[in-house]
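K.L.:
next comes the sequence, and after it the predicted model I'd like to discuss.
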Amino acid sequence: MPETTPDTARSTVAEKAADWALDTADAGACERLARSLCTGAQDEVDDPEWLARARDAWEDLPLPLRRAVRRFRRHSGPHGTLVVGGLPVDQAALPATPAVPGSVQRRATVPAALLTMVACGLGEPLAYLAEKSGALVQDVVPVPGQETFHGNAGSAPLSFHTENGFHPHPPDYVVFLCLRADHDRIAGLRTAGLRQALPLLTPAARQTLFAPEFSTTPPPSFGPAATGEPAAEPRPVLSGAAEDPDIRMAQLVTTPLTPRATAALSEFGRACEATARTLRLTPGDLVIIDNRVTVHGRTAFQPRYDGADRWLQRTYVTADLRRSRDHRPHDGQILAR
């Protein structure tokens, strides 16, 4: 995909992140419910019994939040994103922002409980054993020495991608919760919805993107062993209904295999740039991305590694856990292969 040009300048303009925000009463109710899931010293996010409690607790979240998630689940709209502000993240009790590779959240906390409850409202939380050790709640934080890493540990620009499009069972949704913004308030979550980009494509590019003329390999976050695997079987970038398709693509690891595929992928990149949004997240902003129809990335920012750097937490969600049963030992939440 091309770099931003004057013709695509609006993709760099920051938008107000939240579509709407919880009021004080509903935020308080969310916090009380989240705290009820963090009462035991042994409460662990990845524990099936704790997850069952979080799944039940979803039903007790405030109606406006549940209604918004339910509507988004039915149809994710032109942007394929939903941003809700005002969630309690217990800022006063937050520890220093993690700054180590592979950081995850195993212990139940208010933010992790909120993230998990919303994930259960969308479907079922999901993780991949080869990524972040299979943790359901993962830290997205800058790590010293990994500034240029093309993944969640970096602070350089992150190009457009869907999550884990190489895998037979990619997540249907990606959910982020902002715990801390970056010091300079310049880090942006960039999203581009296929429903807005598709009309900008020529008929020839659309046709090619539906053809099995692309190969997508695992991203760097899956480690050197995964990224060193042989090229994947050719597959299309777009699939499903011609008027409202699904997408699997990652600019870094999707390779066009024919000249027309190269041209089509470049054209699609320009369409994404022309329709992209850049969202500056603030603490308490919850972002749901429909991974089937929306690509996302990140702008650059400057970490200080002082314990107060940008900190998002992330979880993946599948709308149908059953379809990945052959990849999940003991019917758990982790895809082992």
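P.N.:
Here it is on my side, so go on. This structure is a prediction, so every number in the text was calculated from the model and none was measured.
K.L.:
going forward, measure contacts and count neighbours with C-alpha atoms only.
P.N.:
Noted.
K.L.:
tell me the SS of the closest residue to His169 other than its chain neighbours?
P.N.:
Leaving aside its sequence neighbours, His169 sits nearest to Ser324 (Cα to Cα, 6 or more residues apart in numbering; 6.4 Å). Under the three-state scheme (DSSP: H, G, I helix; E, B strand; the rest coil), Ser324 adopts helix.
K.L.:
surely His150 meets Leu158?
P.N.:
Yes: with contact defined as Cα atoms under 8 Å, His150 counts as touching Leu158 (6.0 Å).
K.L.:
which of those two has more neighbours?
P.N.:
For His150 and Leu158, the more surrounded residue by other Cα atoms under 10 Å is Leu158, and the numbers stand at 21 against 17.
K.L.:
in terms of pLDDT, where does the residue lying farthest from the centre of the chain sit?
P.N.:
In the chain, Pro259 marks the outermost C-alpha relative to the chain mean, sitting 30.6 Å out by Cα atoms, centre = their mean. Listed pLDDT for Pro259 reads 98.
K.L.:
quick one: it and Leu265, what's the gap?
P.N.:
Distance of Pro259 to Leu265, computed by Cα to Cα, to the nearest Å: 10 Å.
K.L.:
how about low-confidence regions in the stretch 101-250 of the chain?
P.N.:
224-231 (pLDDT under 70).
K.L.:
break down it into its helices, ranges please.
P.N.:
All helices of the stretch 101-250 of the chain, identified by DSSP state H, counting those that start in this stretch, fall at 110-122, 194-197, 203-209, 223-227.
K.L.:
about what we covered before: now the common contact residues for His150 and Leu158.
P.N.:
Common neighbours of His150 and Leu158, using Cα atoms under 8 Å, 6 or more residues apart in numbering, do not exist here.
K.L.:
distance check, Val140 against Arg235.
P.N.:
Val140 is 29 Å from Arg235, by Cα to Cα.
K.L.:
who's in contact with the closest residue to Pro245 other than its chain neighbours?
P.N.:
Leaving aside its sequence neighbours, Pro245 sits nearest to Ser239 (Cα to Cα, 6+ apart; 5.4 Å). Neighbouring residues of Ser239 by Cα under 8 Å, 6+ apart: 210, 245-247.
K.L.:
who's Ser239 bridged to?
P.N.:
Note on Ser239: beta-bridge partners Asp246, judged by DSSP bridges.
K.L.:
just the CA trace of the longest helix along the chain, in CSV.
P.N.:
For the chain, the helix with the greatest residue count under DSSP state H is helix 259-275. Taking C-alpha atoms only, helix 259-275 is exported to CSV below (Å, rounded to 0.1, in the frame of the first residue of the first chain):
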residue,chain,number,x,y,z
PRO,A,259,0.7,-8.9,-12.3
ARG,A,260,-3.0,-8.2,-12.1
ALA,A,261,-3.1,-9.1,-8.4
THR,A,262,-0.3,-6.7,-7.8
ALA,A,263,-2.2,-3.9,-9.5
ALA,A,264,-5.5,-4.8,-7.7
LEU,A,265,-3.8,-4.9,-4.3
SER,A,266,-2.2,-1.5,-4.9
GLU,A,267,-5.6,0.0,-6.0
PHE,A,268,-7.2,-1.4,-2.9
GLY,A,269,-4.5,0.2,-0.8
ARG,A,270,-5.3,3.6,-2.3
ALA,A,271,-9.0,3.1,-1.6
CYS,A,272,-8.2,2.3,2.0
GLU,A,273,-6.1,5.4,2.3
ALA,A,274,-8.8,7.5,0.8
THR,A,275,-11.5,6.3,3.2
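K.L.:
for the helix or strand just after it, which strands pair with it and how are they oriented?
P.N.:
Of the helices and strands lying after helix 259-275 in sequence (DSSP states H and E), the nearest is strand 277-280. Here strand 277-280 is paired, per DSSP bridges, with strand 14-16 (parallel), strand 189-193 (antiparallel).
K.L.:
what residues are up against the most centrally placed residue in the chain?
P.N.:
For the chain, the residue nearest the mean C-alpha position is Val174 (3.4 Å; Cα atoms, centre = their mean). Taking Cα under 8 Å, 6+ apart, we find Val174 in contact with 163, 288-291, 314-317.
K.L.:
distance check, it against Glu31.
P.N.:
22 Å.
K.L.:
same check, this time on Gly85
P.N.:
In terms of Cα to Cα, Gly85 sits 14 Å off from Glu31.
K.L.:
Asp172 too?
P.N.:
Asp172 is 26 Å from Glu31, by Cα to Cα.
K.L.:
what does Trp58 give?
P.N.:
12 Å.
K.L.:
which one of those two has more residues nearby?
P.N.:
More neighbours surround Trp58 than the other of Trp58 and Glu31, with 23 against 20 (other Cα under 10 Å).
K.L.:
spatially nearest residue to the more buried one (excluding sequence neighbours)?
P.N.:
Per Cα to Cα, 6+ apart, closest to Trp58 is Met117, 5.0 Å.
K.L.:
isn't that neighbour right up against Ala54?
P.N.:
Yes: if you go by Cα under 8 Å, Met117 and Ala54 touch, sitting 5.3 Å apart.
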